[in-house]
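1. What follows is a predicted structure for the sequence shown.
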Amino acid sequence: MSRRTTSTVRLLAAALPLTLLAACSAGSSSASPTTSPTPTATFAPVTVDNCGTEVTVTTPPQRVVTIKSSTTEMLLALGLGDRIVGRAFPDGPFPDDLAAAGDAVPLISDKVPGQEALLAVQPDFVYAGWESNFSADGVGDRSTLAGLGIGTYVSPAACKEAGSMPDPLTFDLVFDEIREAGAIFGVPAAAEEVVAAEQATLASVTKPSGTTTALWYSSGSDSPYVGAGIGAPEMIMDAAGLTNVFASVHDTWASVGWEDVVAADPDVIVLVDASWNTAEHKIATLEANPATAQLTAVQQHRYLTVPFAATEAGVRNADAVASLADQLTALP
């Protein structure tokens, strides 16, 4: 990863003479965007506290880089694919309804891009899924980017600062992010449509009549990394009518021991399906381990799956709930 250099600053100065203001409190600059496909005459300036950083947007961003699938899919769902000049750090394939628009967006990096790669696409805004996506060794920290006239925004569900971190994450907070993104990008009506669709999906879910305990198995072979009690896994499982066996762990995700899993003996196991750690690999791990091979869910093959890209806060969470509920109903 490259740090900001004099030549990089010259590159930005040449490439972004009219960059849009969307600055953090650490620095600001004001100018007009190079393109403006959406009329902004009625746009009201937006100021939000984002993970402890004040972000002010005086005109909707037009050249956005998204980092992580959740942020790319958020803008696609809001109908803003034409404003994304580059995406990075994808967590998996797009859902069918967003695939055509998503695949048309240039992929600038499989992970967090370096700052030179970021500046090469002339962004006026960066929307990141994690706070750690902004670093001196990556695209740059938030104050540095603000000084370059590039606004930044982090998915609020990923905030870690005291007073900013969701505790717990709820669907209402996910809807708040959709609405906040709609305000920042000047499409509040589209945001309300997305929220309404998410709410309708959740309302359509039929929960099991009795208690069904569940393990959310994210990754890990020696020690499983599981969904804990205050993050997206708990939110999704609860909405699907599943009782998280590690709900008492005050964290978003947590590393536990296999002996803890055996003691819990969940009724079902939710397998996170990722290209680097597939659901099939997790099943093989569970069935090869003499202890976990005796679990009720393993013995009866009571597995549910969820794609990794749907496991972080975003527009796919409601569909993940509906899918888990349908899979649960289909189990013998």
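-> Sure, I can see it. Predicted model, so just to flag it, every value in this text is computed and none were measured.

2. Could you report the pLDDT at the one residue sitting closest to the centre of the chain?
-> Nearest residue to the geometric centre of the chain (CA atoms, centre = their mean): Ser70, 3.3 Å. On the pLDDT scale, Ser70 is placed at 98.

3. number of nearby residues for the closest residue to it other than its chain neighbours?
-> Computed as CB to CB, 6 or more residues apart in numbering, the closest residue to Ser70 that is not its neighbour in sequence is Gly314, at 3.7 Å. C-beta coordinates here come from the backbone N, C-alpha and C atoms, glycine included. Per other CB atoms under 10 Å, the neighbour tally for Gly314 reads 25.

4. which ones are touching Gly314?
-> Residues near Gly314 by CB atoms under 8 Å, 6 or more residues apart in numbering: 69-71, 73-74, 155, 174, 177.

5. got the contact list for Ser255?
-> 220, 223-226.

6. Would you quantify the distance from it to Ala309?
-> Distance of Ser255 to Ala309, computed by CB to CB, to the nearest Å: 22 Å.

7. partners of the helix or strand encompassing Asp273 in the sheet?
-> In this assignment (DSSP states H and E), Asp273 forms part of strand 268-273. Here strand 268-273 is paired, per DSSP bridges, with strand 213-219 (parallel), strand 303-307 (parallel).

8. chain center to the longest one: distance?
-> Here strand 213-219 is found 19 Å from its chain centre; the criterion is CA atoms, centre = their mean, to the nearest Å.

9. Need the residues that contact the next helix or strand after it.
-> The C-terminal neighbour of strand 213-219 among helices and strands, as given by DSSP H and E, is strand 225-227. Identification of contacts with strand 225-227 by CB under 8 Å, 6+ apart yields 215-219, 233-234, 237, 244, 246, 252-256, 261, 270.

10. at 6 Å instead, please
-> For strand 225-227, contacts defined as CB atoms under 6 Å, 6 or more residues apart in numbering pick out 216, 218-219, 233, 246, 253, 255-256.

11. Remind me what the lengthiest helix in the chain packs against, helices and strands.
-> Ranked by residue count, the top helix of the chain under DSSP state H comes out as helix 188-203. Judged by 3 or more CB pairs under 6 Å, 6 or more residues apart in numbering; DSSP states H and E, helix 188-203 is in contact with helix 171-184, helix 317-330.

12. how distant is that helix from the center of its chain?
-> Remark: helix 188-203 is offset 17 Å from the chain centroid, using CA atoms, centre = their mean.

13. and that helix, which residues are buried?
-> Applying a neighbour-count criterion of 16 or more other CB atoms under 10 Å, one finds 188, 190-191, 193-195, 198, 201-202 buried in helix 188-203.

14. Kindly report the same for stretch 128-141.
-> Across stretch 128-141, burial judged by 16+ other CB under 10 Å covers 128-131, 133-135, 138-141.

15. And stretch 217-224, by the same measure?
-> So stretch 217-224, judged by 16+ other CB under 10 Å, has buried residues 217-219, 224.

16. Excluding sequence neighbours, find me the nearest residue to Ala297.
-> Take Ala297 and drop its neighbours on the chain: the residue closest to it by CB to CB, 6+ apart is Ile269, 4.7 Å away.

17. Could you give the bridge partners of the one you found?
-> Beta-bridge partners for Ile269, by DSSP bridges, are Leu215, Tyr303.

18. Quick check: it touching Thr296?
-> No. Checked against CB atoms under 6 Å, the pair Ile269 and Thr296 is beyond contact range at 9.7 Å.

19. For those two, work out which one has more neighbours and name it.
-> Ile269 (26 against 13).

20. which residues of this structure fall in helices?
-> So, for the chain - with DSSP H - the helices run 6-15, 69-77, 96-103, 115-120, 142-147, 171-184, 188-203, 232-239, 258-264, 279-288, 296-299, 317-330.

21. and the ones you listed, which is most packed in?
-> helix 69-77 (a mean of 27; mean count of other CB atoms under 10 Å).
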